[in-house]
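1. Below is the sequence, then the predicted model.
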Amino acid sequence: MKKKKGESPLKPILSVVGKSNSGKTTLLEKLIPELKRRGYKVAVVKHDLHGFEMDQEGKDTWRLTCAGADEVIISSPVKIALLKNVEKEMPLDEINRRYLDDVDIILTEGFKRENKLKIEVIRRSQGDDLLCSFEELMAVVSEDGTSPFDLTYKPDEIALLVDLIEKKLLKGAPE
């Protein structure tokens with residue numbers, strides 16, 4: 001995708017994928033603080049196949065959306081949120097380009113069909129089959145640190161995983 005004048009370059013994206021209840025969110029909860037400790041600004045994009053509702057019925061933002069607003073932004077001194085109706089799912093690169101210019105890395109939960117590097121989380125009780133091809137994988141995380149993939153880590157080897165993320169996606173420490 002070609003960069004337009006005034007746009008920031010696309011940020012690196014790493015998707016954490018796995019079967020339902022495999023530990024994707026738990027892994028992200030461990031990766032984020034380690035990346036932050038190393039000085040990186042981190043964004044997370046969560047994929048939801050079923051659609052979701054952030055707005056609560058009767059609240060002002062809900063009422064304004066019901067009135068026909070295509071986009072509603074709610075802003076406070078500590079947070080901002082955008083509620084935007086879309087006609088089709090937006091690809092990660094488009095989300096990256098439009099909304100995530102002030103971060104060093106974008107982690108995603110899900111998006112297994114997007115063409116991005118992935119860490120796959122597996123749980124033995126769910127079987128040993130990987131969802132992703134070896135070409136897509138940067139690493140696998142499993143309870144015992146074993147899988148058919150060469151770069152496999154245990155869930156508590158977060159510093160080693162972030163070392164790999166830095167090497168493959170961030171090219172060293174933040175400025």
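-> All right, it came through fine.

2. Which residues does stretch 17-26 contact?
-> Stretch 17-26 has contacts (C-beta atoms under 8 Å, 6 or more residues apart in numbering) with 16, 109-112, 118-123, 126, 131-132, 141, 155. All C-beta spots, glycine's among them, are computed from the backbone N, C-alpha and C.

3. With stretch 109-118 instead?
-> 13-17, 24-25, 28, 44-49, 91-92, 108, 131-132, 136-138, 168-169.

4. and if we set it to 10 Å?
-> 12-19, 24-25, 27-28, 44-49, 89, 91-93, 95, 106, 108, 120-121, 130-133, 135-140, 165, 168-169 (C-beta atoms under 10 Å, 6 or more residues apart in numbering).

5. Please save the CA atoms from the lengthiest helix in the chain in CSV.
-> Ranked by residue count and defined by DSSP state H, the top helix of the chain is helix 24-37. C-alpha atoms of helix 24-37 as CSV (Å, rounded to 0.1, in the frame of the first residue of the first chain):
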residue,chain,number,x,y,z
LYS,A,24,-4.4,-15.6,23.4
THR,A,25,-5.6,-12.8,25.7
THR,A,26,-3.4,-14.0,28.6
LEU,A,27,-0.3,-14.0,26.4
LEU,A,28,-1.1,-10.4,25.2
GLU,A,29,-1.6,-9.4,28.9
LYS,A,30,2.0,-10.5,29.4
LEU,A,31,3.6,-9.2,26.2
ILE,A,32,2.2,-5.7,26.6
PRO,A,33,3.9,-4.8,29.9
GLU,A,34,7.2,-6.2,28.8
LEU,A,35,7.1,-4.2,25.5
LYS,A,36,6.1,-1.1,27.6
ARG,A,37,8.9,-1.8,30.1
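
6. Can you give me the buried ones in that helix?
-> 24, 27-28, 30-32, 34-35 (16 or more other C-beta atoms under 10 Å).

7. now, which of these sits nearest Asp150?
-> Leu27 (18.7 Å; C-beta to C-beta).
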